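K.L.:
Quick one: sequence plus predicted model below, questions after.
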Amino acid sequence: MEAIRNFFSTPWSSDQKLEDQTVVITGANTGIGKETAIDLAKRGARVIIACRDMEKAQEAVKEVISNSGNENVVCMKLDLADIKSIREFAEAINKDEPKLNILINNAGVMVCPYGKTADGFEMQIGVNHMGHFLLTHLLIDLIKRSAPARIVTVSSMAHSWGSINLEDINSEKSYDKKAAYSQSKLANVLFTRSLAKKLEGTGVTTYSLHPGVVQTDLWRHLNGPQQFVMKMVSPFTKTSVQGAQTTIYCAVEPTLEKESGGYYSDCAPANCSAAGKDDDLAQKLWELSCRMLSVTWD
């Protein structure tokens, strides 16, 4: 089974160091986020684990320090389903951190039952897109001052099955949890595409990616038949370590310094859907996001 997994996972390695760099990773208490934190800590970065559950975050910090030998690892509370929490987190980062070289928008929810964030967004679009959109907006000045810097957003191949419903972004008229998930992942790709254009000439680059089909806690909301299918394909899925590789690649690969706005899979450029390349749709989503979050982003 391990041989099968290795066959379907492109290996990638680099001795690139990140000394004197600061990294924020959302949702790094588990899965590919935690494996990303371990890898970047091994490279010498200061790693800030940002997640909702502080008890789990503190356990993750211990594990990252133990596995990396780097004690410059901390955790901070961030609930991406709550604008107040996002603003408090960003305020603390802007106040206490002199630089932010890499922001990894990793946290996410997947095919969950219908629910809303504290601010009334459908949970998947709210956490996966709106929360990270606002977080990036609030940290962008610090990131620009830290250039060269990178913003990495974990999307999914599921984006290719999605569409953006600009008239009902919160799925209030009808809700399909898989469609809502795909919409949120398409939003990640479009956000990255728009962000790259707005950051031209700043020294800040941005990337979205598909990590692969990874066995993580995200599977917890799958129902009986879906669970069965995932068990059947599990020999072909990636481990969390393998699933983290494309995130790490986008965060550290030197040859990407002059690339921005692209979509990656298996540590290489990949084709996203036609909708993922739609600049008009990307701009409309950007404007809608700004309105719904009550922010102005020039």
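P.N.:
Received it, and whenever you're ready, just let me know what you need. Numbering: from 1, shown residues only.

K.L.:
Double-check that V152 belongs to a helix.
P.N.:
No: under DSSP: H, G, I helix; E, B strand; the rest coil, V152 falls outside any helix and is assigned strand.

K.L.:
Which residues does it form beta bridges with?
P.N.:
Applying DSSP bridges to V152 gives these bridge partners: I104, Y207.

K.L.:
mind listing what it touches?
P.N.:
Counting by Cβ atoms under 8 Å, 6 or more residues apart in numbering, V152 makes contact with 102-106, 206-209, 247, 250-251. C-beta coordinates here come from the backbone N, C-alpha and C atoms, glycine included.

K.L.:
can you rerun that using 6 Å?
P.N.:
For V152, the contact set (Cβ atoms under 6 Å, 6 or more residues apart in numbering) comprises 104, 207, 247, 250-251.

K.L.:
among those, which two are most distant?
P.N.:
I104 and Y207 (10.0 Å; Cβ to Cβ).

K.L.:
so where do the helices sit in this structure?
P.N.:
In the chain, the helices defined using DSSP state H lie at 2-7, 31-42, 54-68, 83-96, 123-125, 132-145, 177-198, 224-233, 240-243, 245-252, 279-293.

K.L.:
residues in contact with the fourth one?
P.N.:
So the one you mean is helix 83-96. Counting by Cβ under 6 Å, 6+ apart, 78-79, 119, 134-135, 138-139, 142 sit against helix 83-96.

K.L.:
Quick check: which ranges of this structure have low pLDDT?
P.N.:
Scanning the chain for pLDDT under 70 picks out 1-11, 214-238.

K.L.:
Count the neighbours of P269 for me.
P.N.:
Per other Cβ atoms under 10 Å, the neighbour tally for P269 reads 13.

K.L.:
Which residue is the nearest non-sequential neighbour of it?
P.N.:
Computed as Cβ to Cβ, 6 or more residues apart in numbering, the closest residue to P269 that is not its neighbour in sequence is G262, at 5.7 Å.

K.L.:
And the helices of the chain: which comes nearest S163?
P.N.:
Closest approach to S163 among the helices of the chain (Cβ to Cβ): helix 177-198, 6.6 Å.

K.L.:
how close does the residue nearest to P269 get to D39?
P.N.:
Separation of G262 from D39 (Cβ to Cβ, to the nearest Å): 21 Å.

K.L.:
Show me which of these two is the more surrounded one.
P.N.:
Neighbours were tallied for G262 and for D39 using other Cβ under 10 Å; the higher tally belongs to D39 (23 against 19).

K.L.:
hang on, isn't the more buried one packed against I248?
P.N.:
Yes: with contact defined as Cβ atoms under 6 Å, D39 reaches I248; the gap is 5.0 Å.

K.L.:
wouldn't G212 be in contact with G243 here?
P.N.:
Yes: counting by Cβ under 6 Å, G212 touches G243, with 5.1 Å between them.
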